[in-house]
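Q: Could you look at this predicted model? Sequence included:
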Amino acid sequence: MIQAGIKEIKNNLSRFLAQVKAGEEVMITERGKPVARIIKENSQSLAIRTALAPLIEKGLVVLPNRSLKKDDLNCHQATGKLVSEMVSEDRR
């Protein structure tokens with residue numbers, strides 16, 4: 001990951017964008033502390049955000065600010081009958 005200060009980014013934006021297009025990530029720092037990151041745009045995620053834009057503006061949808069991790073999921077093993085079994089029994 002490339003790190004650069006705000007002034008350097010302002011003075012060389014085209015060069016940094018070319019590096020981002022090539023797959024590099026650029027961390028923008030202010031007084032040595034990270035404040036932002038420039039990453040290559042994923043066309044699929046851009047299409048999703050564009051499609052959801054009206055819902056986001058109305059406050060009906062909030063996009064996540066990080067990727068879902070395995071530990072975020074709390075899966076539990078179901079017990080008892082399957083729904084399909086209950087439906088079959090109900091139809092008899």
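A: Right, received. Where do you want to start?

Q: what about the longest helix in this structure?
A: helix 43-57 (DSSP state H).

Q: Take that one, keep the C-alpha atoms, and write them as CSV.
A: Output in CSV follows, covering the C-alpha atoms of helix 43-57 (Å, rounded to 0.1, in the frame of the first residue of the first chain):
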residue,chain,number,x,y,z
SER,A,43,-17.9,-2.3,-11.2
GLN,A,44,-20.3,-4.7,-9.6
SER,A,45,-20.4,-2.8,-6.3
LEU,A,46,-20.7,0.4,-8.2
ALA,A,47,-23.8,-0.9,-10.0
ILE,A,48,-25.3,-2.1,-6.7
ARG,A,49,-24.7,1.3,-5.1
THR,A,50,-26.2,3.1,-8.1
ALA,A,51,-29.3,0.9,-8.0
LEU,A,52,-29.7,1.4,-4.3
ALA,A,53,-29.1,5.2,-4.4
PRO,A,54,-32.7,6.2,-4.2
LEU,A,55,-33.3,4.0,-1.1
ILE,A,56,-30.1,5.2,0.5
GLU,A,57,-31.1,8.8,0.0
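
Q: how close does residue 46 get to residue 73?
A: 26 Å (C-beta to C-beta, to the nearest Å). (C-beta placed from N, C-alpha, C; glycine too.)

Q: Which one's more surrounded, the two?
A: Between residue 46 and residue 73, residue 46 has the larger neighbour count (other C-beta atoms under 10 Å), namely 10 against 7.
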